[in-house]
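*Asks:* okay, sequence plus prediction incoming.
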Number of protein chains: 2
Amino acid sequence: MSGIRAQQKEKTRRLLIDAALSQLSAERSFSNLSLREVAKEAGLAATSFYRHFNDMDELGLTLVDEAGLTLRQLMRQARQRIEKGGSVIQISVLTFMEFIEANGNVFRLLLRERSGTSAEFRAAVNREIRYFTMELCDYLQKANKLDHETSYLQANAAVIIVFSAGAEALDSNKVEREELTMRTIKQLRFIARGAMDLHARKIAKLTENN
Amino acid sequence: MSGIRAQQKEKTRRLLIDAALSQLSAERSFSNLSLREVAKEAGLAATSFYRHFNDMDELGLTLVDEAGLTLRQLMRQARQRIEKGGSVIQISVLTFMEFIEANGNVFRLLLRERSGTSAEFRAAVNREIRYFTMELCDYLQKANKLDHETSYLQANAAVIIVFSAGAEALDSNKVEREELTMRTIKQLRFIARGAMDLHARKIAKLTENN
DNA sequence: TTTTTGAGTGTACACGTGTACACCATTCTA
DNA sequence: TAGAATGGTGTACACGTGTACACTCAAAAA
């Protein structure tokens, strides 16, 4: 029961996925990739594409899923580094920036499809970002002993700021990226400070009423 | 010297611009608009397009410019409302949200082209956003008596958060938008608080050293 | 072994695209 | 008023697109 056939199929499916990924760049978005080009890059006849995906959208959604996975691996990586000691914010931002540098095209895919023309794509990307945010929210809630609302607001704002910095980093040189990283860290500290403050007020109000 | 000819030309140029704008929607981005479609919508022969723009990119950059203008008018409108009294943050966010509701497609254009495939488009959009940020920065610096770095960091973060909220609002219903608005206001307060705090520390450090 | 299934191929088609070109009609210039 | 300039038109072309269809041939099922 080796399933030579299924095995081979999976292999060329990967070929298509990788072909699509490899064609993404600053100048080329998924939406202006053609089925024929992708098939060609994968070394297949155009019509063979249909043996694996119904259309380009299906391929695209697969890519978004994979990108989301990569993103979550990133979080785990960051947490490991944090456990070895160091500022949470600083390490998170540095890890993210390294991700951008190494996976620019994957990140670009997410950025672009988040505001793209397909509602399904937008929803898929937003789902991935939501997962990402939720993980951070849980972490903040436990680490800083915040209430849920506050930690969610903080996590949400932090993710937005970091993603935006990532987008800017894509068009920056090394010096600019370093400056950008510093700025982002400071902004995340603003947010953390504000969150702490709101939480403290909430507690104060509660005890005052009792 | 009425310039009947120049006048007529300007008129049909507007026709093209408006035709392009009117075709934008959640499902249709500028980059998948064709020259022929735009010309047709404007009631012109395809080839007449060239009498006004060298290519679609030139039209697109014009649209981005106009969008930026609209955005800055927005700021002035917000400032007028603020002068009549009320929370700066709240009024700014409300004004922005009203803008999104009324000019969804214009805002979508900016959002999309900011991460699009044309470096020139990206630069144009970022320039508009930078103007927007700078105006806010000046305002904050004067109103809150902050140093330049702090007020810039605050303005930059605030614009990012608000734009991101705008993007989310485009795919939301009325109830979700209201919840989103509340959340955004709170996040901006986080940032404001953090900025104040950093500024206070800076001052403390300075006086301590003297 | 024979039959069936299914991944991969090549051809063919209709369609939409950007744009070159020759042309017309009106406005501007001399 | 003669002639140049220019906005607008219609035709024509080569090109890339998605995909329907009929096919091959090796793996899986019978």
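*Replies:* On my side now, so go ahead. Residues are numbered from 1 along each chain as shown, chains lettered A, B, ... in the order given.
*Asks:* which strand or helix spans the residue nearest the centre of chain A?
*Replies:* Centroid check for chain A by CA atoms, centre = their mean gives A:L71 as the closest residue, at 4.5 Å. Taking DSSP states H and E as the criterion, A:L71 maps to helix A:56-83.
*Asks:* per-domain residue ranges of chain A.
*Replies:* Domain segmentation of chain A under automatic domain parsing yields A:1-53, A:56-209.
*Asks:* for chain B, which of the ones you listed is the nearest?
*Replies:* Nearest of the domains of chain A to chain B, taken as CB to the nearest CB: domain A:56-209 at 2.7 Å. Every residue, glycine included, has its C-beta placed from N, CA and C.
*Asks:* report whether that closest one contacts DNA strand C.
*Replies:* No - Domain A:56-209 is not in contact with DNA strand C by CB under 7 Å from any atom of the strand; minimum separation 13.5 Å.
*Asks:* what about A:E168, neighbour count?
*Replies:* 18 (other CB atoms under 10 Å in any protein chain shown).
*Asks:* do you know the pLDDT at it?
*Replies:* pLDDT, A:E168: 97.
*Asks:* so it makes contact with A:T181?
*Replies:* No - counting by CB atoms under 8 Å, A:T181 is not a contact partner of A:E168; they are 10.4 Å apart.
*Asks:* so for A:M1, what pLDDT did the model give?
*Replies:* On the pLDDT scale, A:M1 gets 46.
*Asks:* the helix or strand where A:L21 lies near DNA strand D at all?
*Replies:* Secondary structure assignment for A:L21, by DSSP H and E: helix A:4-23. Yes - against DNA strand D, helix A:4-23 shows contacts by CB under 7 Å from any atom of the strand at A:I4, A:R5, A:A6.
*Asks:* which of the residues you listed come close to DNA strand C?
*Replies:* For DNA strand C, the contacts drawn from the residues of helix A:4-23 next to DNA strand D by CB under 7 Å from any atom of the strand are A:R5.
*Asks:* just give me the closest of the residues of helix A:4-23 next to DNA strand D to A:A143.
*Replies:* Nearest to A:A143 among the residues of helix A:4-23 next to DNA strand D: A:A6, at 44.7 Å, using CB to CB.
*Asks:* what is the neighbour count of the closest one?
*Replies:* Using other CB under 10 Å, A:A6 has 10 other residues around it.
*Asks:* that one: what's it in contact with?
*Replies:* Applying CB atoms under 8 Å, 6 or more residues apart in numbering or on different chains to A:A6 gives no contacts.
*Asks:* any residue of stretch A:108-118 touching DNA strand D?
*Replies:* No - taking CB under 7 Å from any atom of the strand as the criterion, stretch A:108-118 and DNA strand D are apart, separated by no less than 14.1 Å.
*Asks:* that stretch close to chain B?
*Replies:* Yes - judged by CB under 8 Å from any CB of the partner chain, stretch A:108-118 comes into contact with chain B through A:R108, A:L111, A:R112, A:R114, A:S115, A:G116, A:T117, A:S118.
*Asks:* and the third one, how many residues sit next to it?
*Replies:* When counting by other CB under 10 Å, one arrives at 22 neighbours for A:R112.
*Asks:* go on, the last one?
*Replies:* Neighbour count for A:S118, taken as other CB under 10 Å: 16.
*Asks:* which residues touch the closest residue to it other than its chain neighbours?
*Replies:* Leaving aside its sequence neighbours, A:S118 sits nearest to A:D57 (CB to CB, 6 or more residues apart in numbering or on different chains; 6.6 Å). Shown in contact with A:D57 (CB under 8 Å, 6+ apart): A:S118, A:E120, A:F121.
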